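Trainee: Can you look at this prediction? I've put the sequence above it.
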Amino acid sequence: MDTSYPREDFPPAAPRKRDPSATVIAVGAAAAPRDHLVWSVFNTIYLNFCCLGFVALAFSVKVRTPYVAGDVEAAQHFSSKARRYNVLATAGSLVLPLVLAALVITGVLHLSKLAQESIDFFSYQLSMGDDDK
């Protein structure tokens with residue numbers, strides 16, 4: 001046993017019990033979750049792609065009830081769902097017309113090229129027939 005330094009034996013510490021009167025103070029109030037109501041109304045009226053704007057509006061309205069009742073977690077859940085449906089409605093309403101416009105433009109270009117080739121073919125055939133006479 002090493003006795004090169006002095007040792008002091010302390011009695012074991014008594015287990016500490018929690019004080020039941022202790023309170024926890026929240027530093028800041030929980031921020032209210034966004035309801036995205038204006039975005040949902042806009043999607044419902046103007047960009048109602050597959051009724052996703054209406055679904056987003058329903059979730060936007062549902063955000064306020066649990067928040068007022070004190071259930072911030074449920075309010076955040078409804079808020080995130082409203083945001084997702086708004087993103088889907090906006091993306092679907094903007095991307096679908098762009099894709100359709102691109103298809104129409106490429107179709108018109110293809111048909112104009114096809115028409116030009118037909119005109120060239122028939123004009124060549126008609127010029128060949130004029131030499132025989």
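Mentor: The structure has been received and is ready for your questions. Residues are numbered from 1 along each chain as shown.

Trainee: Show me the longest helix that occurs in this structure.
Mentor: helix 72-131 (DSSP state H).

Trainee: elements contacting that helix?
Mentor: When contacts are defined as 3 or more Cβ pairs under 8 Å, 6 or more residues apart in numbering; DSSP states H and E, helix 72-131 sits against helix 37-45, helix 52-62, helix 64-69. C-beta here means a position set from N, CA and C on the backbone, and glycine is covered the same way.

Trainee: That one vs helix 37-45, what angle?
Mentor: Angle, helix 72-131 to helix 37-45, by axes from the mean of the first three to the mean of the last three Cα atoms, to 10 degrees: 40 degrees.

Trainee: starting at the chain centroid, how far to helix 72-131?
Mentor: 24 Å (Cα atoms, centre = their mean, to the nearest Å).

Trainee: by how many degrees do it and helix 52-62 diverge?
Mentor: 170 degrees.

Trainee: What residues does P66 make contact with?
Mentor: Contacts here follow Cβ atoms under 8 Å, 6 or more residues apart in numbering; on that basis P66 touches 72, 74-75, 78.

Trainee: so A75 makes contact with Y67?
Mentor: Yes. Using Cβ atoms under 8 Å, A75 makes contact with Y67 at a distance of 3.8 Å.

Trainee: Between these two, which contacts overlap?
Mentor: Counting by Cβ under 8 Å, 6+ apart, the shared contacts of A75 and Y67 are 32-33.

Trainee: Just name the most buried of the helices and strands packed on helix 72-131.
Mentor: helix 52-62 (a mean of 21; mean count of other Cβ atoms under 10 Å).
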